[in-house]
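[1] Output the structure for:
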Amino acid sequence: MGFPGTWMTTSESMVYRVVPKCACSTIGQIMYYTDHGQFFDGDIHDAREGLHKWAMEDSQPLISDNVRNHKSLAFTCVRNPYTRILSSFFDKIAGIQRNGQRYRGNLLPQLSQKYGINVDGDFNQIEMFRRFLLFARDTIRFRKPMDPDIHWSAQSGHISTFILNGGRYDRIFWTEQFNEGMQSVLDGTELPHPINLAEIPRFNESAGHGPKRAHPVKDFFDDLSMHLVYEIYKKDFRLFKYDFENPANKMPKGQIDLDEVHAKLGR
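    Down below sits the predicted model:
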């Protein structure tokens with residue numbers, strides 16, 4: 001299976017397991033900058049040179065050798081499951097993508113027919129999000145009406161493939177404390193081009209794709225919605241120390257235990 005979703009700097013200074021909707025655009029641009037002294041001109045997901053990616057065949061043997069021999073600092077980044085699933089809805093379901101199209105083409109008509117989801121005009125954001133949440137649960141638990149999408153499948157699932165295939169993380173940090181976490185990665189590596197995190201732009205490639213969220217996070221989650229979120233993301237809450245009881249609290253409640261993560265996701 002190898003290391004899907006893994007990026008590595010061309011200098012092999014660091015290895016990153018991408019988790020969608022967790023600052024991956026910004027992290028990719030930082031990695032690119034530390035090798036080249038400038039940011040990639042465009043969406044880093046479109047870069048086909050200047051960064052090794054598992055999706056590019058020529059990069060695979062280099063990434064495999066590095067990860068299996070733990071030659072570089074390996075890391076990933078996680079996000080509160082409540083805000084991550086909300087972001088997925090506004091970007092991928094309610095939004096228009098970079099190519100001017102709806103995400104995955106015929107997905108929205110299918111959601112409209114089977115779940116009554118309508119995101120045209122001034123729609124009821126809370127009601128439509130809760131219907132989407134039911135759909136997301138069905139894809140993850142029952143793989144119906146489709147396989148789960150990478151943008152709303154559990155973070156623990158993404159992160160586990162790296163461990164199961166022979167990798168080990170040196171850092172896992174939170175998007176909610178991004179600068180501190182990313183700085184700990186940079187401090188643990190030798191960089192061709194140092195970078196000042198306080199001065200870089202945020203490369204949020206999904207910003208502007210969808211309508212602006214009209215309510216606080218907690219308003220989207222009633223008792224049933226919280227139950228569905230916990231059913232889908234129980235491991236994410238537990239391993240990455242987020243607060244399931246309070247959707248209004250996006251901050252973690254404790255420190256991530258790397259040994260626990262490797263033990264529980266490496267089985």
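[2] can you pull out the helices in this structure?
    Listed in chain order, the helices of the chain (DSSP state H) span 24-36, 60-68, 81-88, 107-115, 125-142, 155-164, 178-187, 223-240, 258-265.
[3] So for residue 148, which of the ones you listed sits nearest?
    Nearest of those to residue 148, taken as CB to CB: helix 125-142 at 4.3 Å. C-beta here means a position set from N, CA and C on the backbone, and glycine is covered the same way.
[4] contacting residues around that closest one?
    Here helix 125-142 makes contact (CB atoms under 8 Å, 6 or more residues apart in numbering) with 85-86, 88-89, 93-94, 111, 114-119, 144-149, 152-154, 211, 213-215, 219-220, 222, 224-225, 228-229, 231-232.
[5] which residues of this protein score low on pLDDT?
    By pLDDT under 70, the weakly predicted segments of the chain are 205-209.
[6] any idea of the angle the longest strand belonging to it forms with helix 258-265?
    In the chain, with assignment by DSSP state E, the single longest strand is strand 73-78. Relative orientation of strand 73-78 versus helix 258-265 (axes from the mean of the first three to the mean of the last three CA atoms, to 10 degrees): 70 degrees.
[7] packing partners for strand 73-78?
    strand 14-17, helix 155-164, strand 171-174, helix 178-187 (3 or more CB pairs under 8 Å, 6 or more residues apart in numbering; DSSP states H and E).
[8] List the buried residues in stretch 2-11.
    Neighbour-count burial for stretch 2-11, counted by 16 or more other CB atoms under 10 Å, picks out 3, 5-11.
[9] Stretch 242-262: how far from the chain's middle?
    For stretch 242-262, the gap between its own C-alpha mean and the chain's C-alpha mean amounts to 16 Å (CA atoms, centre = their mean, to the nearest Å).
[10] So what touches it?
    With CB under 8 Å, 6+ apart as the test, stretch 242-262 has contacts from 78, 80-83, 159, 163, 168-170, 172-174, 176-177, 216-218, 220-221, 226, 229-230, 236-237, 239-241.
[11] ok, of these, which come out buried?
    Among these, those classed as buried by 16+ other CB under 10 Å are 78, 80-83, 159, 163, 169-170, 172-174, 176, 220-221, 226, 229, 236-237, 239-241.
[12] can you dump the C-alpha coordinates of the longest strand of the chain into PDB?
    What follows is strand 73-78 as a C-alpha-only set of coordinates in PDB (Å, rounded to 0.1, in the frame of the first residue of the first chain):
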ATOM      1  CA  LEU A  73      11.300  14.300  11.000                       C
ATOM      2  CA  ALA A  74       7.800  13.000  10.200                       C
ATOM      3  CA  PHE A  75       4.700  14.900  11.300                       C
ATOM      4  CA  THR A  76       1.100  15.600  10.700                       C
ATOM      5  CA  CYS A  77      -1.600  18.100  11.800                       C
ATOM      6  CA  VAL A  78      -5.100  17.500  13.200                       C
END
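[13] quick one: that strand to helix 60-68, angle?
    Put simply, strand 73-78 runs at 90 degrees to helix 60-68, going by the same axes, to 10 degrees.
[14] quick check: angle from strand 73-78 to helix 24-36?
    Here strand 73-78 runs at an angle of 160 degrees relative to helix 24-36 (the same axes, to 10 degrees).
[15] what lines up beside strand 73-78 in the sheet?
    Paired neighbours of strand 73-78 in the sheet (DSSP bridges): strand 14-17 (parallel), strand 171-174 (parallel).
[16] Adding distance to residue 130, write those strands out as a markdown table.
    Output for those, formatted as a markdown table (distance: least, CB to CB, whole Å):
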| stretch | distance to residue 130 |
| --- | --- |
| strand 14-17 | 30 |
| strand 171-174 | 26 |
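[17] do you know how far residue 242 is from residue 251?
    Computed as CB to CB, to the nearest Å, the residue 242 to residue 251 distance reads 8 Å.
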